[in-house]
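give me coordinates for this.
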Amino acid sequence: MNNIEKYTTGTAYGASATTFLCGVLSLSDWALITGIICSVLTVGLNWYYRHKEYCFKTKHEK
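Model (predicted):
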């Protein structure tokens, strides 16, 4: 088996796995997962910038 066959076989398996995983979940399931991920990212970003603001304020108050 040459290199091209290795890449095409891997790509075919990856594409079939992706379409399988996309087909397993309904649209409402994907919406729920997307909402959860966005909420977690929002909390993380808010914490990060509030922490930076707190460190900045406490550093310059002394």
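
please count neighbours and contacts with C-alpha atoms only from this point.
Will do.

which neighbouring elements make contact with the lowest-mean-pLDDT helix or strand in the chain?
When each helix and strand of the chain is scored by mean pLDDT, DSSP states H and E, helix 3-24 comes last, with a mean of 85. Of the remaining helices and strands, none touches helix 3-24 by 3 or more CA pairs under 8 Å, 6 or more residues apart in numbering; DSSP states H and E.

what's in contact with that helix?
With contact meaning CA atoms under 8 Å, 6 or more residues apart in numbering, helix 3-24 is reached by no other residue.

how far is that helix from where the chain is centred?
Taking CA atoms, centre = their mean, to the nearest Å, one finds the center of helix 3-24 at 20 Å from the center of the full chain.

and it, which residues are buried?
Of all the residues in helix 3-24, not one is buried under the rule 16 or more other CA atoms under 10 Å.

quick one: whichever helix or strand comes after that helix to helix 3-24, angle?
Past helix 3-24, further along toward the C-terminus, the next helix or strand under DSSP states H and E is helix 27-61. Put simply, helix 27-61 runs at 100 degrees to helix 3-24, going by axes from the mean of the first three to the mean of the last three CA atoms, to 10 degrees.

give me the most central residue, this protein.
residue 37 (7.1 Å; CA atoms, centre = their mean).

measure that residue to residue 43 for me?
10 Å (CA to CA, to the nearest Å).

equivalent analysis for residue 4, please.
From residue 4 to residue 43 the distance is 44 Å (CA to CA).

what's the spacing between residue 53 and residue 42?
16 Å.
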